[in-house]
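Enquirer: sequence first, then the predicted structure:
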Amino acid sequence: MRMEVRTVAVIGAGTMGAGIAQVCAQSGWHTRIFDAFPKSLENGVAKIYSFWEKGIEKGKTTEEEKNEWGQNLMPCYEISEAVEDADLVIEAVPEIMELKKKIFLEIEKMAPEYAILATNTSSLPISEIANVTNCPERIIGMHFFNPVPIMKLLELVRHEKCSKETINLAESIGRKMGKETILVNDVPGFATSRLGVVLGNEAIKMLSQGVASASDIDTAMKLGYKHPMGPLELSDLVGLDVRRDILNSLAESFNDESYRPHQLLENLVSEGSLGRKTNKGIYIWGENGKKERDDLPK
């Protein structure tokens, strides 16, 4: 196993994959980003450049930095091209276990034998992914947070067969990215997702009961508990479908129905109101921020 990362492959160019690829490029690594859907790949790369352009407008980024980072970023239309010679592969596809297993079986054959293979899952068991491969010792959970370029936390998840060398290298990778890492064991929901979705689900329950408006519930947690973002805002940012799926996964893993998503959350997902990515969730989102929905309790 190499102890220095030079080339990174990111599999998946959605919100999380694009953010991870951006941070990798900014860290000075040759970064290849792949998505099975060419349009999604192009949109992901466009999001990265848009982020850099906004940084220039705000005086936080220079044109020289954007050009330097852009030279580190290479979109790939074949997964084999992306993972070839990669020291680190980070999978960031949707939270579907069978899809993740399929991808890890592919990249195990294509990536070098020394590469670390990481999954960005926020709740699925790392061991179940690792055990379909012949190299579980090189597989680790690297759970990033949205928006990846801004959020400082990186949750590393170790399973029983994960080697100490893999953990040490993942910690050094996190530091190079400018992240603060925590190390947790491979239990359902890890530390962050388990706490976050339960708080968000309870906030949605309170909203449905008319305890307070969405904005007042969020303000209560921001000012009363110093949370940087309220639980309902955060649910919209993460994606209500993602939150629902994590809750269902926890309910099944622990055989505990108290984790089940509240009916209001189910209803919002069913109608296609998934949060910021659809411009409508618990709030309505626009260029000027968010506003309350008229059809939800206030």
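Expert: Arrived safely. Just so we're clear, the structure is a prediction, and the values are computed from it rather than from any experiment. Numbering: from 1, shown residues only.
Enquirer: check the offset of the one helix or strand residue 32 maps to from the chain's centre.
Expert: Residue 32 belongs to strand 30-34 when assigned by DSSP states H and E. For strand 30-34, the distance from its own C-alpha centre to the chain's C-alpha centre is 17 Å (Cα atoms, centre = their mean, to the nearest Å).
Enquirer: again with stretch 130-145
Expert: So, by Cα atoms, centre = their mean, the centroid of stretch 130-145 is 15 Å from its chain's centroid.
Enquirer: same question, stretch 111-128
Expert: 13 Å.
Enquirer: ok, residue 133 to residue 11 distance?
Expert: 14 Å (Cβ to Cβ, to the nearest Å). Every residue, glycine included, has its C-beta placed from N, CA and C.
Enquirer: so where do the helices sit in this protein?
Expert: Secondary structure of the chain by DSSP state H: the helices cover 15-26, 38-57, 63-72, 79-83, 97-110, 126-130, 164-176, 192-208, 214-225, 231-238, 240-254, 263-270.
Enquirer: any residues touching the fourth one, and which ones?
Expert: Under the criterion Cβ atoms under 8 Å, 6 or more residues apart in numbering, residues 9-11, 32-34, 36, 76, 89, 103, 106-107, 110-111, 115 lie in contact with helix 79-83.
Enquirer: that older thread, who does the strand holding residue 32 touch, helix- and strand-wise?
Expert: Judged by 3 or more Cβ pairs under 8 Å, 6 or more residues apart in numbering; DSSP states H and E, the packing partners of strand 30-34 are strand 7-11, helix 15-26, helix 38-57, strand 73-76, helix 79-83.
Enquirer: okay, angle between the first one and helix 38-57 too, please.
Expert: Relative orientation of strand 7-11 versus helix 38-57 (axes from the mean of the first three to the mean of the last three Cα atoms, to 10 degrees): 120 degrees.
Enquirer: and strand 7-11 with helix 63-72, angle?
Expert: 80 degrees.
Enquirer: average model confidence for strand 7-11?
Expert: The average pLDDT within strand 7-11 is 98.
Enquirer: that one pairs with which strands?
Expert: Take DSSP bridges as the rule and strand 7-11 pairs in its sheet with strand 30-34 (parallel), strand 88-91 (parallel).
Enquirer: reformat these as JSON lines; add distance to residue 21.
Expert: Formatted as JSON lines, these follow (distance: least, Cβ to Cβ, whole Å):
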{"stretch": "strand 30-34", "distance to residue 21": "4"}
{"stretch": "strand 88-91", "distance to residue 21": "8"}
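Enquirer: beta-bridge partners for the nearest residue to residue 281 once chain neighbours are set aside, please?
Expert: Leaving aside its sequence neighbours, residue 281 sits nearest to residue 275 (Cβ to Cβ, 6 or more residues apart in numbering; 3.5 Å). With DSSP bridges as the criterion, residue 275 is bridged to residue 280.
Enquirer: list the contacts for residue 275?
Expert: With Cβ under 8 Å, 6+ apart, residue 275 has these contacts: 235, 236, 237, 238, 239, 240, 281, 282, 285.
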